[in-house]
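Chemist: Give me a 3D structure for the following:
(chains A, B, C, D, E and F)
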There are 6 protein chains.
Amino acid sequence: MKSVHISELAWPEYDARVRDGRTPVLIPVGALEQHGPHMSMNPDVLLPTAISERVADRIGALVAPPIAYGYKSQQKSGGGNHMPGTTSLDGMTVTCTIRDVLKELARHGVRRTVLVNGHYENSAFIVEGVDLAQRELRWDGIRDFSTVVLSYWDFVTQDAIDAIYQGEFPGWAVEHGGVLETSLMLHLHPHLVDMHKVCDHAPAQFPPYDFFPIKPEWTPASGCLSSAKRASAQHGETLLKVCVDGISKELMTAFD
Amino acid sequence: MKSVHISELAWPEYDARVRDGRTPVLIPVGALEQHGPHMSMNPDVLLPTAISERVADRIGALVAPPIAYGYKSQQKSGGGNHMPGTTSLDGMTVTCTIRDVLKELARHGVRRTVLVNGHYENSAFIVEGVDLAQRELRWDGIRDFSTVVLSYWDFVTQDAIDAIYQGEFPGWAVEHGGVLETSLMLHLHPHLVDMHKVCDHAPAQFPPYDFFPIKPEWTPASGCLSSAKRASAQHGETLLKVCVDGISKELMTAFD
Amino acid sequence: MKSVHISELAWPEYDARVRDGRTPVLIPVGALEQHGPHMSMNPDVLLPTAISERVADRIGALVAPPIAYGYKSQQKSGGGNHMPGTTSLDGMTVTCTIRDVLKELARHGVRRTVLVNGHYENSAFIVEGVDLAQRELRWDGIRDFSTVVLSYWDFVTQDAIDAIYQGEFPGWAVEHGGVLETSLMLHLHPHLVDMHKVCDHAPAQFPPYDFFPIKPEWTPASGCLSSAKRASAQHGETLLKVCVDGISKELMTAFD
Amino acid sequence: MKSVHISELAWPEYDARVRDGRTPVLIPVGALEQHGPHMSMNPDVLLPTAISERVADRIGALVAPPIAYGYKSQQKSGGGNHMPGTTSLDGMTVTCTIRDVLKELARHGVRRTVLVNGHYENSAFIVEGVDLAQRELRWDGIRDFSTVVLSYWDFVTQDAIDAIYQGEFPGWAVEHGGVLETSLMLHLHPHLVDMHKVCDHAPAQFPPYDFFPIKPEWTPASGCLSSAKRASAQHGETLLKVCVDGISKELMTAFD
Amino acid sequence: MKSVHISELAWPEYDARVRDGRTPVLIPVGALEQHGPHMSMNPDVLLPTAISERVADRIGALVAPPIAYGYKSQQKSGGGNHMPGTTSLDGMTVTCTIRDVLKELARHGVRRTVLVNGHYENSAFIVEGVDLAQRELRWDGIRDFSTVVLSYWDFVTQDAIDAIYQGEFPGWAVEHGGVLETSLMLHLHPHLVDMHKVCDHAPAQFPPYDFFPIKPEWTPASGCLSSAKRASAQHGETLLKVCVDGISKELMTAFD
Amino acid sequence: MKSVHISELAWPEYDARVRDGRTPVLIPVGALEQHGPHMSMNPDVLLPTAISERVADRIGALVAPPIAYGYKSQQKSGGGNHMPGTTSLDGMTVTCTIRDVLKELARHGVRRTVLVNGHYENSAFIVEGVDLAQRELRWDGIRDFSTVVLSYWDFVTQDAIDAIYQGEFPGWAVEHGGVLETSLMLHLHPHLVDMHKVCDHAPAQFPPYDFFPIKPEWTPASGCLSSAKRASAQHGETLLKVCVDGISKELMTAFD
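Modeler: Coordinates of the predicted model:
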């Protein structure tokens, strides 16, 4: 039973790994969210999980079970929470899940944790969950518990962007169901992508504000905010590499 | 993209399946919990998921992403929440997760849902989550949304118990990390079981009450509440079959 | 003012009893729930209270005011929460009540507490209340506060079952408004029982799952899940005795 | 089984009484709170319950089980929540209990409810509970559910005050453990009062603000805020009569 | 940047003032609530703020940003929460705001805080917020954090009442939109009062209970509970002086 | 009493303005947060308020009282919540405040609302508050209630950025206490800025992740994330104009 996944270890193996607090634990945080007609609804879970596995392998960390449901999809970054299939939690539910899991890891002895986010909308609720966990751990006298919060796309290098987007990078905001996620899925889980169903349209354009209730007509009919046309398994391989490299490198210094 | 897993469908496929409300959706609800030195910590997720997949396949249902963290392990049914590796949520967090997921499925058009529980301690908090979801859906004017709550071991037949336990069935309460779960894992995920590490001890005996804080000495050192010695892949196959058969049969009438 | 009831003591008397932490405090936890046409709706409060009084008398403990409302009645153990008269709380309300009361007792100096449950559905929410209280008390530096959680029927001996049910014991699950509770009420509060109104029907049978919203036709029209026909004051006396004996004996060792 | 207490009715009797919504239901709301060395800690429950029983009898209402624990005792009206024996709930717990009970009564068909408060500090949290219940009932389409919130001492007439206090009425604020409550208890539950232990001191005097954490020296050592010296069973009889008369009279018009 | 308002200081100035814990911080707590046709809807914020500024100036304290929204207006003290313009928060929202702000001030080093309430209905929810903050601060090891809770009208002297009301003081309860608030506003913010629009009516009379849902006809059509006819800027000046004097004097001893 | 501020209107004036639902209401949402040694701690409230007043004036809207406390300052956008003076709320407190205020406005008849955010960290919690309000309003049968959520800096045009930053725009993320806010404050509230105290340092640089607990050394000692050296009242005038123009223009179409 050799695995980077906590869930695949027997407890004595896990215990031996984490008891002294030095082994980092990575927690992928995702969502069940539509990503267009050409792709399954799980990239926000599968991608941070795949990255976490590789980073864990590289830096001697472990990976906790991914959190499979996330915060409500926002129209300007995920198409909106009115779409079929998108299955979201209230903010407080996300926050409490993060809080509870971190506190339990701390009870096991873990002192270094990394929330590897794959769904933009989770960000603030993850941060709040970390803050609530830190607060309670402080009350328990635990002051050396540390948490990194990151979103994997923030580790895509400018070089990779230049190489892949050829000057037509639309910004991460509208990269929902676009080249980044589709390429990574093509590389990692090709059977969950059908490039024939990619809708080719210009990146979605939005006014500089959010409107509630959602105006469905703002979201392209595909549910994607930009076209995945340019996506390829090879780009996915590149993207995976830069993310894994970048995250591994940062984590190796972050906890010193 | 043919899959019983919602997460592996593109949204238009999912939408076509659930829009009219007739397709049941099964949601495995598990836990990350130690199951002794001979087994990984994920049987409470993997087993209801495996069962859900087979049931879904048989009755034309879909499977939502499993809920991977559950309520706090209790000493008399799971060894206790003081064990390393066991990673649990507050009751309200479990309840809100169930509530939120059910409400979202209802928004998609789903009207028939099944919570397939793999972790005893989840039961009451699942029920409360269902009740809170039903309440809010009622306020939204949705009154035909129905939910089955079940624990898979309740479908093990007396015949199967007789055949497997040969008159020494210790009761489900102490079947934690025992013959049932180990056999199913041996059949389904043999690489996550190491029968050499099974501790052979009599079923744990507890007084007729719970005590807090936990008295760790009540739990066998292994973390298991009964011995998995008798476990085998063949028993696992039998158990899987009776559970899948039983659940499929019941569900086909439950929603009429 | 000599009483086992905290509520009937003046504060200096109470203070003298609990200040050093050795006196256990028993808290009956009940419900307002229909128990058939032949019985009042308060057995879940009156029975654990009567037992608590006798146990307290025997072991030198005190009894806190009973918690009179409980968690939602479940169809397979209490007939269901759709019945007239049944008046239930959300799970979080039950949990917070338990949490708050335990923390206040701890502030007074109490270190040994017993939750004497009379309503099956309360169980998990009591446990969560205990856990939340323990957590906050830990933050207050109180680590020697202990709590027993028990349901009185778990102390009915096999001998008593054999003597009373004559081999037709239907299981506690469907003993709602049946022989156990009716006999105890006949012995303790005969004016709240009318044996002429007992409905005689076979024990209710349920499928191995719960269904929501409730299917009212699953519950016998009486609201009872088994017949109280066999109930008698004498059986009640026997049952009371074995419960009081059993609980007293266990508690005398539990807190050592 | 003839009783004004809901808890003492079988469900068909209760159902027949409340189904059409005309029968008012009174809910005593109390506290477990020290009331000086001369009196038990339950007057805030027993007194509104006794009054509710008599009012119910007079106007054809029913009485729900009293809520036995209340909001935190405040120094200037109850001596403070630092006193031994005083056992209080968080505000949200009180509010949710009120909310949940009212909603359940509404489900039964009840449309006229009265919260009979016996503990000053409960007031605002009762009101919030009523508001939250009304809000949710509105979402359920129930708009004719009404609630009276009252504190029984507000029905003591000026004549009664004059007759009993002879010009030395200290104000309700400091009537904690004083003449009002002690007299009522002497009349209703004389075995729970020991007039020999009454401390005779001038009414407590407080600055025009609250201070946290409590300054214990502000509270008289007895825990009472004024002297019960003048209390008598006869005064209790008078007070009971004016409260029962006053409340009955007001309720008969309130629900028209 | 010389100001009693924390918000108008740069952080190093603030830090120097509060770091040693001796400087009191006053937090005005108000509401957005209708106050009749003759006055703006902000007196409950502006008046405690004006008082706080003057008190702070006198005793060397600072003033935190006022809390501008408060708890739901009650019919017998504020006309009721059904009135247009009245904009209120749930009790838990008020409580959490108070709790959070106090904890942050404590983090800065502040040890002496004063909640200067201008809206009667806030009282209990402020007290609960203080209690929750004290509890968490205790867990953080901070035990010398103190809070005064006051309502400014409790500092109006009998002499001032006699001088202003000439024997016709209706009680604070119905002084909503009446002489007190109108006079203070005339003195402090005359452009927000239009004395031509004052409705002259007798003080509102209410039964000795609250009724929900509100009976709108109980509230005078103006929304005021007594007439502001007698109001004047000169009375306002007097009232401001006695409140500032009284509060300053009390605070100077309260924190010793 | 002519004012764009709701708080400065008498209720009949307000009622006349909003009753038909056409008048938009703008709610500034800010924070009490350090903004360096050269500036007061209230720009996040004062700036969206000033902008809201001007927009309201232009488009015939009203302005609700600003929300003066916001979510926890994040290190990479606000210096971090460890700084003296920064006074923040839990996420749930922000969310509930937004939810409650929106629901009350809806009760008054308002149907068009705008949350004008001045503190980046509030964003997600505002959105959640809007979603919870919309949900409850839907249960109340109100489906035409709409909300715009915006942050004012998103309306600064590229032309303005070019003119002011001369090609050295560091990005909004590190514009905390920088040119934008300082210029606006110089134009609107010059007495709250002291340009002599501006620290001149390069924009703060952060790794591509957040770390908890905060590493204080990441934040420049000033608390600012970039230098305000380039700030001027004239730039402030320009910035105010483009924000007011942009927001007014967008709002005039948003609600159609």
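Chemist: Where does pLDDT dip in the stretch 1-150 of chain A?
Modeler: Within the stretch 1-150 of chain A, the stretches with pLDDT under 70 are A:1.
Chemist: all helices for it, in order.
Modeler: Along the stretch 1-150 of chain A, the segments classed as helices by DSSP state H, counting those that start in this stretch run A:11-18, A:43-59, A:75-78, A:91-108, A:123-139.
Chemist: So which elements touch the second one?
Modeler: The reference is to helix A:43-59. In terms of contacts (3 or more Cβ pairs under 8 Å, 6 or more residues apart in numbering or on different chains; DSSP states H and E), helix A:43-59 is packed against strand A:25-29, strand A:62-63, strand A:112-117, helix A:179-188, helix A:233-254. C-beta: built from backbone N, CA, C; applies to glycine.
Chemist: Any idea which of the helices of the stretch 1-150 of chain A gets closest to residue C:53?
Modeler: Among those, the nearest to residue C:53 by Cβ to Cβ is helix A:123-139 (37.5 Å).
Chemist: is that closest one up against chain B anywhere?
Modeler: No. In terms of Cβ under 8 Å from any Cβ of the partner chain, no part of helix A:123-139 sits within range of chain B; the closest distance is 10.2 Å.
Chemist: ok, now stretch A:168-177?
Modeler: No. Residues of stretch A:168-177 are not located near chain B by Cβ under 8 Å from any Cβ, the shortest gap being 9.7 Å.
Chemist: Stretch A:97-113 too?
Modeler: Yes. Figure legend: stretch A:97-113 in contact with chain B (Cβ under 8 Å from any Cβ); contacting residues A:97, A:100, A:101, A:104, A:105, A:108, A:109.
Chemist: The fifth one touches residue A:65, doesn't it?
Modeler: I take that to be residue A:105. No. Distance between residue A:105 and residue A:65: 11.6 Å, which falls outside the contact criterion (Cβ atoms under 8 Å).
Chemist: re the thing from before, pick out whichever of the residues of stretch A:97-113 next to chain B sits closest to residue D:154.
Modeler: Taking Cβ to Cβ as the measure, residue D:154 lies nearest residue A:100 of those, at 45.2 Å.
Chemist: where's the closest one relative to chain C, distance?
Modeler: Distance from residue A:100 to chain C, counting by Cβ to the nearest Cβ, to the nearest Å: 12 Å.
Chemist: got the contact list for whichever residue of the stretch 101-250 of chain A sits closest to chain E?
Modeler: Distances between the stretch 101-250 of chain A and chain E by Cβ to the nearest Cβ are smallest at residue A:139, namely 4.2 Å. Each residue near residue A:139 by Cβ atoms under 8 Å, 6 or more residues apart in numbering or on different chains is listed here: C:139, E:136, E:139, E:140.
Chemist: What I need now is the residues of stretch A:97-113 next to chain B written out in TSV, including distance to chain D and neighbour count for each item.
Modeler: Written out in TSV, the entries for the residues of stretch A:97-113 next to chain B read as follows (distance: Cβ to the nearest Cβ, whole Å; neighbours: other Cβ atoms under 10 Å in any protein chain shown):
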residue	distance to chain D	neighbour count
A:97	21	28
A:100	20	23
A:101	25	27
A:104	25	21
A:105	29	24
A:108	30	21
A:109	32	16
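Chemist: now, among those, which is nearest to residue A:171?
Modeler: Using Cβ to Cβ, the shortest approach to residue A:171 within the residues of stretch A:97-113 next to chain B belongs to residue A:97, at 29.0 Å.
Chemist: and that closest one, how far is that from residue B:105?
Modeler: Distance from residue A:97 to residue B:105, counting by Cβ to Cβ, to the nearest Å: 18 Å.
Chemist: Next: residue A:127.
Modeler: Plainly put, residue A:127 is 28 Å away from residue B:105 if you go by Cβ to Cβ.
Chemist: try residue A:26
Modeler: The value you get for residue A:26 to residue B:105, if Cβ to Cβ is used, is 29 Å.
Chemist: Quick one: name the residues of the stretch 101-250 of chain A near chain E.
Modeler: Counting by Cβ under 8 Å from any Cβ, the residues of the stretch 101-250 of chain A close to chain E are A:138, A:139.
Chemist: Tell me the one of the residues of stretch A:97-113 next to chain B nearest residue E:41?
Modeler: Ranked by distance to residue E:41 (Cβ to Cβ), these are led by residue A:97 at 40.6 Å.
Chemist: give me every residue that touches that closest one.
Modeler: Residue A:97 sits in contact with A:67, A:89, A:129, B:69, B:89, B:93, B:97, where contact means Cβ under 8 Å, 6+ apart.
Chemist: can you check residue A:220 too?
Modeler: With contact taken as Cβ under 8 Å, 6+ apart, residue A:220 is in contact with A:79, A:199, A:201, A:204.
Chemist: rerun at 6 Å
Modeler: By Cβ atoms under 6 Å, 6 or more residues apart in numbering or on different chains, the contact set of residue A:220 is A:201, A:204.
Chemist: State the phi and psi torsions of it.
Modeler: Taking degrees, to the nearest 10, you get phi -50, psi 150 for the backbone angles of residue A:220.
Chemist: Show me what stretch A:109-116 is in contact with.
Modeler: Applying Cβ under 6 Å, 6+ apart, the contact partners of stretch A:109-116 are A:18-19, A:21, A:24-29, A:48, A:52, A:105, A:126, A:144-149, A:255.
Chemist: tell me which residues of that stretch are tucked away?
Modeler: Applying a neighbour-count criterion of 16 or more other Cβ atoms under 10 Å in any protein chain shown, one finds A:109, A:110, A:111, A:112, A:113, A:114, A:115, A:116 buried in stretch A:109-116.
Chemist: So what's the gap between that stretch and the chain middle?
Modeler: Centre-to-centre, stretch A:109-116 and its host chain are 15 Å apart (Cα atoms, centre = their mean, to the nearest Å).
Chemist: And for stretch A:136-143?
Modeler: That offset, for stretch A:136-143, works out to 27 Å (Cα atoms, centre = their mean).
Chemist: what's the answer for stretch A:16-31, then?
Modeler: Distance, stretch centre to chain centre, for stretch A:16-31: 16 Å (Cα atoms, centre = their mean).
Chemist: Could you tell me the end-to-end distance of it?
Modeler: 31 Å (Cα to Cα, to the nearest Å).
Chemist: With only the CA atoms kept, save stretch A:202-221 in CSV.
Modeler: Taking C-alpha atoms only, stretch A:202-221 is exported to CSV below (Å, rounded to 0.1, in the frame of the first residue of the first chain):
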residue,chain,number,x,y,z
ALA,A,202,-14.9,34.6,-29.2
PRO,A,203,-14.1,35.0,-25.5
ALA,A,204,-17.2,36.1,-23.6
GLN,A,205,-17.5,39.8,-22.8
PHE,A,206,-19.1,41.1,-19.7
PRO,A,207,-19.8,44.5,-18.2
PRO,A,208,-17.6,45.5,-15.3
TYR,A,209,-20.2,44.4,-12.7
ASP,A,210,-22.2,41.3,-11.7
PHE,A,211,-25.9,41.1,-12.0
PHE,A,212,-28.3,39.1,-9.9
PRO,A,213,-30.4,37.2,-10.7
ILE,A,214,-28.3,36.0,-13.5
LYS,A,215,-29.0,37.3,-17.1
PRO,A,216,-28.7,33.9,-18.8
GLU,A,217,-28.1,35.6,-22.2
TRP,A,218,-24.7,36.9,-21.0
THR,A,219,-23.3,33.3,-20.9
PRO,A,220,-22.5,31.8,-24.3
ALA,A,221,-24.9,28.9,-25.0
